[in-house]
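[1] My questions are about this predicted structure, shown below with the sequence.
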Amino acid sequence: MMASRRRQAGFSLLEVLVAFAIMALALGILYQAVGGSVRGVAGAVRDTRAVLLAQSVLALYDRVPPEGLGESGTTPDGFAWQLSSSPAAGSVENPQWELHEVIARVRWQDRDREREFALVTLLPVDVRAP
């Protein structure tokens, strides 16, 4: 009766190794899932910042100067922006409202690739400008 008690007193080495192997697999899968989520959130934050930067650059102008727009710059956190304009197709038909197509482009590095976002709008040419 004493021998059977000793046998049931604890786990065998094989049982402990199997438990550790299962735990290691589960932790590895959990680590990959959390890492993917964090990378996704970081990418979404950078995308949102690019959209907000493009909107902010477009909001600087409500009219285009007669010579057009051609500006660019960078931000301290690695975003490069460019604002350009060109006469819009069809705006010549109505000389009262000459329109320019205004494009705000934002570029940034995301891991090992370059990303770009662009917003396009139409703005009237400022006829009051000298």
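    Okay, I see it. Because the structure is a prediction, the values reported are computed rather than measured.

[2] show me where pLDDT drops low in the protein?
    When residues are selected by pLDDT under 70, those of the chain lie in 1-8, 90-96, 129-130.

[3] spatially speaking, which residue is in the middle of it?
    D47 (1.9 Å; C-alpha atoms, centre = their mean).

[4] same for whichever strand or helix holds that one, what does it pack against?
    Counting by DSSP states H and E, the element that carries D47 is helix 13-59. Judged by 3 or more C-beta pairs under 8 Å, 6 or more residues apart in numbering; DSSP states H and E, helix 13-59 is in contact with strand 80-87, strand 99-110, strand 113-124. The way it works is simple: take the backbone N, C-alpha and C, and place the C-beta from them, glycine included.

[5] Tell me how far it lies from the chain's centre.
    Chain-centre distance of helix 13-59: 15 Å, with C-alpha atoms, centre = their mean, to the nearest Å.

[6] Same check on stretch 45-62?
    Averaging C-alpha positions (C-alpha atoms, centre = their mean) puts stretch 45-62 12 Å from its chain's average.

[7] again with stretch 103-114
    With C-alpha atoms, centre = their mean, you get 9 Å for stretch 103-114.

[8] got the helices and strands packed on helix 13-59 as JSON lines, with distance to A24 and mean neighbour count columns?
    JSON lines is the format used below for the helices and strands packed on helix 13-59 (distance: least, C-beta to C-beta, whole Å; neighbours: other C-beta atoms under 10 Å):
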{"stretch": "strand 80-87", "distance to A24": "44", "mean neighbour count": "17"}
{"stretch": "strand 99-110", "distance to A24": "32", "mean neighbour count": "19"}
{"stretch": "strand 113-124", "distance to A24": "33", "mean neighbour count": "13"}
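
[9] Nearest to E15 among those strands would be which one?
    Smallest distance to E15 across these (C-beta to C-beta): 46.2 Å, for strand 99-110.
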